[in-house]
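Student: for reference, the sequence and a predicted model appear below.
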Amino acid sequence: MNRFIYILTDCKRKSLHVGMAADLLHTVTFYRENAHLFFDAAINPTRLVYFEELTDDTTACARFNQLQRFTRMQKERLIRAVNVNWVDLIQ
């Protein structure tokens with residue numbers, strides 16, 4: 001089963017949230033509809049700016065843990081490598 005590793009941000013790019021999901025579209029939709037369940041009103045990460053699709057669960061977990069340990073600068077470099085303008089990849 002495929003796994004997605006993703007990074008969400010808010011409209012002002014203040015927070016970067018790393019996550020892992022089997023169904024990326026469903027997960028992003030859930031965050032958009034229920035962001036208040038996980039974050040306060042100031043941090044509302046609903047913009048998908050980066051994702052990777054991995055086929056192996058072990059590899060996906062390892063990559064997820066790696067991205068979680070990244071500094072903000074490392075995450076920003078990763079995002080800019082594939083999404084220069086930080087546009088929402090699911091609109």
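Tutor: That came through fine. Residues are numbered from 1 along each chain as shown.

Student: going by C-alpha atoms from here, please, whenever you check contacts or count neighbours.
Tutor: Will do.

Student: tell me where this structure has strands.
Tutor: 3-9, 16-21, 47-54 (DSSP state E).

Student: which one of these is the most hemmed in?
Tutor: Ranked by mean neighbour count, the strands of the chain are led by strand 3-9 with a mean of 21 (mean count of other CA atoms under 10 Å).

Student: give me the sheet partners of that one and which way each runs.
Tutor: With DSSP bridges as the test, strand 3-9 is paired with strand 16-21 (antiparallel), strand 47-54 (antiparallel).

Student: pull the longest helix from this protein.
Tutor: The longest helix of the chain (DSSP state H) is helix 57-69.

Student: in that helix, what counts as buried?
Tutor: Ala60, Cys61, Arg63, Phe64, Leu67, Gln68 (16 or more other CA atoms under 10 Å).

Student: low-scoring stretches of the chain, by residue?
Tutor: 35-36, 38-42 (pLDDT under 70).

Student: redo the strands paired with strand 3-9 as a markdown table? Include distance to Met73.
Tutor: What follows is the strands paired with strand 3-9, written out as a markdown table (distance: least, CA to CA, whole Å):
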| stretch | distance to Met73 |
| --- | --- |
| strand 16-21 | 11 |
| strand 47-54 | 14 |
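
Student: of those, which is nearest Asn34?
Tutor: Asn34 lies closest to strand 47-54 among these, at 13.4 Å (CA to CA).
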